[in-house]
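Undergrad: my questions concern the predicted model and sequence given below.
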Amino acid sequence: MNISKKILFVIFSLLLFTNPIIAEDKKDLIDEELPAINPFLGGGSAGGSSGDGLGRDGVSQSNSVSLKNMKLNGVVIGESKRFAIFSFPDGRTVRYEEDTIISNDFMILDIFPDRIFIKMNEVEYSLDLKNNLVKAEG
């Protein structure tokens, strides 16, 4: 055998013997479980409402308001425009400017760095970045 065949044989045998070690390491990996609670549906508070007008099962409660399953993810503020970034439970994201009418009873009024003001069913609300919905005063 010439020298190149001997080098190839040594490399091949090293790869052959190290392969079972790598396979054993992969067997020891633990699969991470997904969270049991959908963060878009709330479920974190004791009263069963997450502040967005949705109950634990995602159905709109009768005496509260609904954000139509949207979650405020953040705001983008430029020199002349401001955007509110919302996400849906299926992962889609949308952005809305100030004074945007989303539906007949849902409108984005003002956008600030820490919260937005919205109008739903002729009532103004404040929605902060933690998705706490509070009725706006005055």
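TA: Everything's here; your move.

Undergrad: please count neighbours and contacts with C-alpha atoms only from this point.
TA: Noted.

Undergrad: quick one: the helices in the chain?
TA: Here the chain has its helices, by DSSP state H, at 3-27.

Undergrad: can you give me the strands for it?
TA: Under the criterion DSSP state E, strands of the chain are mapped to 71-77, 82-87, 93-97, 100-103, 106-111, 115-120, 123-128, 133-135.

Undergrad: in CSV: these, plus mean pLDDT, mean neighbour count and distance to Leu15.
TA: Formatted as CSV, these follow (pLDDT from 0 to 100; neighbours: other CA atoms under 10 Å; distance: least, CA to CA, whole Å):
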stretch, mean pLDDT, mean neighbour count, distance to Leu15
strand 71-77, 89, 18, 48
strand 82-87, 90, 18, 47
strand 93-97, 90, 15, 46
strand 100-103, 87, 12, 60
strand 106-111, 90, 20, 60
strand 115-120, 90, 21, 58
strand 123-128, 89, 18, 56
strand 133-135, 87, 16, 60
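
Undergrad: tell me which of the ones you listed lies nearest to Ile3.
TA: Between Ile3 and those, the shortest separation by CA to CA is 61.0 Å, and it involves strand 93-97.

Undergrad: what's that closest one packed up against?
TA: The contact analysis (3 or more CA pairs under 8 Å, 6 or more residues apart in numbering; DSSP states H and E) places strand 93-97 against strand 82-87.

Undergrad: any chance of a markdown table for the strands of the chain, columns distance to Asn2?
TA: Listed next are these as a markdown table, based on distance: least, CA to CA, whole Å:
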| stretch | distance to Asn2 |
| --- | --- |
| strand 71-77 | 66 |
| strand 82-87 | 65 |
| strand 93-97 | 63 |
| strand 100-103 | 77 |
| strand 106-111 | 76 |
| strand 115-120 | 75 |
| strand 123-128 | 74 |
| strand 133-135 | 78 |
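
Undergrad: that'll do, ta.
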